[in-house]
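In: turn this into a model:
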Amino acid sequence: MKLVPRKQIDADDNLGRGMDLALVTLVFLGVGYALDRWLGTEPAFMVGLVVFSLVGQFVAMWFRYDAAMQVHEASRRDGARAGARTGAPGGEAGEP
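Out: All right, here's what the predicted structure looks like:
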């Protein structure tokens with residue numbers, strides 16, 4: 001039995017993104033907790049920094065998604081153009 005995976009593991013996977021979201025949120029929660037204990041303002045910094053981190057993470061996810069979709073759309077557009085030049089079926093924009 002081989003313990004080595006057969007296919008290459010992609011570093012750009014959803015598990016990594018989920019861990020990133022959770023760990024960044026926990027770090028900001030910890031910093032907020034420490035600031036609140038130090039300044040005696042519980043739970044102002046905890047809530048504020050957690051909201052800040054979640055908004056930042058979702059904005060980062062949106063930009064990553066948008067960039068990936070632009071690359072995907074460009075490759076599909078290039079493939080459709082190449083198909084139209086060679087006369088392959090489905091090369092025109094309106095065809096299925």
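In: just checking, what packs against the helix or strand hosting residue 58?
Out: Element membership of residue 58, judged by DSSP states H and E, is helix 44-86. Packing contacts for helix 44-86, counted by 3 or more Cβ pairs under 8 Å, 6 or more residues apart in numbering; DSSP states H and E, involve helix 14-39. Every residue, glycine included, has its C-beta placed from N, CA and C.
In: ok and the helix it packs on relative to helix 44-86, angle-wise?
Out: 160 degrees (axes from the mean of the first three to the mean of the last three Cα atoms, to 10 degrees).
In: pull out the buried residues from helix 14-39.
Out: Neighbour-count burial for helix 14-39, counted by 16 or more other Cβ atoms under 10 Å, picks out 21, 25, 28-29, 32-33, 35-36.
In: redo these as a markdown table? Include distance to residue 65.
Out: Shown next, in a markdown table, are the buried residues of helix 14-39 (distance: Cβ to Cβ, whole Å):
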| residue | distance to residue 65 |
| --- | --- |
| 21 | 14 |
| 25 | 19 |
| 28 | 22 |
| 29 | 25 |
| 32 | 27 |
| 33 | 31 |
| 35 | 32 |
| 36 | 33 |
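In: closest one of the residues you listed to residue 73?
Out: residue 21 (25.7 Å; Cβ to Cβ).
In: pLDDT score for that closest one?
Out: Predicted confidence (pLDDT) for residue 21: 94.
In: middle-most residue in this protein, spatially?
Out: Residue closest to the average C-alpha location in the chain (Cα atoms, centre = their mean): residue 61, at 3.7 Å.
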